[in-house]
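Enquirer: Sequence and predicted structure are below.
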Amino acid sequence: PDGTPSTEFAPNYPEQTTDVSYGKGVVQANELVLLPVRAPAKAFIPANDALGMDWTELDFDDSEWESGQTGIGYDYTGLINLDVRPMRGENETVYVRIPFEFENTEALNALILRFRYEDGYVAYLNGTEIASDNAPNNLNWQSGATVKRSDNIAVNSIDIDISSAIDLLKPGKNMLAIHGMNQGINSSDILILPELIGQLQSDAPETVGF
C-alpha cells in the first residue's frame with residue numbers, strides 16, 4: 001500500500017539457466033520464512049583445523065570471512081551470490097555462516113530446511129548438528145562429499161524436516177552454519193542455497209466426533 005516493493009531484482013533481472021525456474025518461492029499461508037533466499041552470508045575456505053567446531057557457534061567472530069548472500073558456490077549461473085571458486089584445487093570443504101532473526105512471537109509446530117545443494121553438507125543451528133547428506137563419518141576441515149549430486153537435481157530444492165531443532169531457536173539472532181562439501185578437489189561446481197521455513201500452529205478448533 002505504501003508503494004514499497006516486496007520483491008525486486010536490481011539492477012537487472014539475474015542471468016537465467018535453461019530449464020530452471022527463478023523467482024519468489026511459494027509460501028503457504030501457515031508458513032513463516034525465517035531465512036529467505038539471498039540472505040546475508042559469510043564463507044571461509046579452511047587451510048587447517050584451527051577453528052575446530054567453534055565456527056558453528058552463534059557468537060563466533062566471522063568478521064574476516066568473505067561476505068555476500070546465499071547461494072554460495074560457483075558455476076551455477078543465476079544462483080551464486082557469494083563466489084568461493086578459490087576452493088577449487090585447494091579444498092573440498094567450505095564453511096558457511098548465515099545469520100537470521102527469530103522473534104518468538106509465533107508458536108511453531110514444524111521447521112523445514114528447504115535446500116538446494118551440491119554435493120554434500122552438514123548443517124548446524126546455533127552450534128548443534130541438525131541435518132546432513134553425503135558427509136563422511138570422520139568429518140574434518142578438508143572433507144569431501146561421499147557422493148556427487150547431478151546439477152539437474154542440485155538446482156531443485158528439497159524439504160528436510162528439522163522440527164526436532166525447534167527448541168534450538170533463540171529469540172533474536174540465530175545462526176545457521178553449513179559445512180559444504182564438493183566431491184573431488186577439482187570439481188567444476190558447488191552450490192549451497194538454503195532457506196528456513198517455520199510452520200505455524202493452527203488455531204482451528206479440534207473436531208470432535210460423536
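Expert: Nice, I can see it.
Enquirer: ok now the worst-scoring helix or strand of the chain on mean pLDDT, how far from the chain's centre?
Expert: In the chain, no helix or strand scores lower on mean pLDDT, DSSP states H and E than strand 31-35, which sits at a mean of 91. Here the centre of strand 31-35 is set off from its chain's centre by 13 Å, with Cα atoms, centre = their mean, to the nearest Å.
Enquirer: Which other helices and strands does the helix or strand that that strand is followed by contact?
Expert: Scanning forward in sequence from strand 31-35 by DSSP states H and E, the next helix or strand is strand 40-44. Counting contacts by 3 or more Cβ pairs under 8 Å, 6 or more residues apart in numbering; DSSP states H and E, strand 40-44 packs against strand 66-69, strand 82-83, strand 93-102. All C-beta spots, glycine's among them, are computed from the backbone N, C-alpha and C.
Enquirer: Adding distance to Asn126 as columns, could you present these in CSV?
Expert: Below are those laid out as CSV (distance: least, Cβ to Cβ, whole Å):
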stretch, distance to Asn126
strand 66-69, 20
strand 82-83, 21
strand 93-102, 10
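Enquirer: most packed of those?
Expert: strand 93-102 (a mean of 20; mean count of other Cβ atoms under 10 Å).
Enquirer: got the CA positions of that one in PDB?
Expert: Extracted C-alpha coordinates of strand 93-102, given in PDB (Å, rounded to 0.1, in the frame of the first residue of the first chain):
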ATOM      1  CA  THR A  93      35.300 -28.000   2.100                       C
ATOM      2  CA  VAL A  94      33.900 -24.600   2.600                       C
ATOM      3  CA  TYR A  95      32.400 -23.200   5.800                       C
ATOM      4  CA  VAL A  96      29.300 -21.000   5.600                       C
ATOM      5  CA  ARG A  97      27.600 -18.900   8.300                       C
ATOM      6  CA  ILE A  98      24.100 -17.400   7.700                       C
ATOM      7  CA  PRO A  99      22.600 -15.300  10.500                       C
ATOM      8  CA  PHE A 100      18.900 -14.800  10.800                       C
ATOM      9  CA  GLU A 101      16.400 -13.200  13.300                       C
ATOM     10  CA  PHE A 102      13.700 -15.100  15.100                       C
END
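Enquirer: now that strand and strand 31-35, what's the angle there?
Expert: 130 degrees (axes from the mean of the first three to the mean of the last three Cα atoms, to 10 degrees).
Enquirer: returning to that earlier point: any chance of the helices and strands packed on strand 40-44 in JSON lines with mean pLDDT and distance to Ile45 as columns?
Expert: Listed next are the helices and strands packed on strand 40-44 as JSON lines, based on pLDDT from 0 to 100; distance: least, Cβ to Cβ, whole Å:
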{"stretch": "strand 66-69", "mean pLDDT": "98", "distance to Ile45": "9"}
{"stretch": "strand 82-83", "mean pLDDT": "98", "distance to Ile45": "11"}
{"stretch": "strand 93-102", "mean pLDDT": "96", "distance to Ile45": "5"}
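Enquirer: Looking at those strands, which is nearest to Trp141?
Expert: strand 93-102 (6.0 Å; Cβ to Cβ).
Enquirer: Which elements pack onto the closest one?
Expert: Strand 93-102 packs on strand 31-35, strand 40-44, strand 172-181, strand 190-200, going by 3+ Cβ pairs under 8 Å, 6+ apart.
Enquirer: that older thread, nearest to Met53, of the helices and strands packed on strand 40-44?
Expert: strand 93-102 (10.4 Å).
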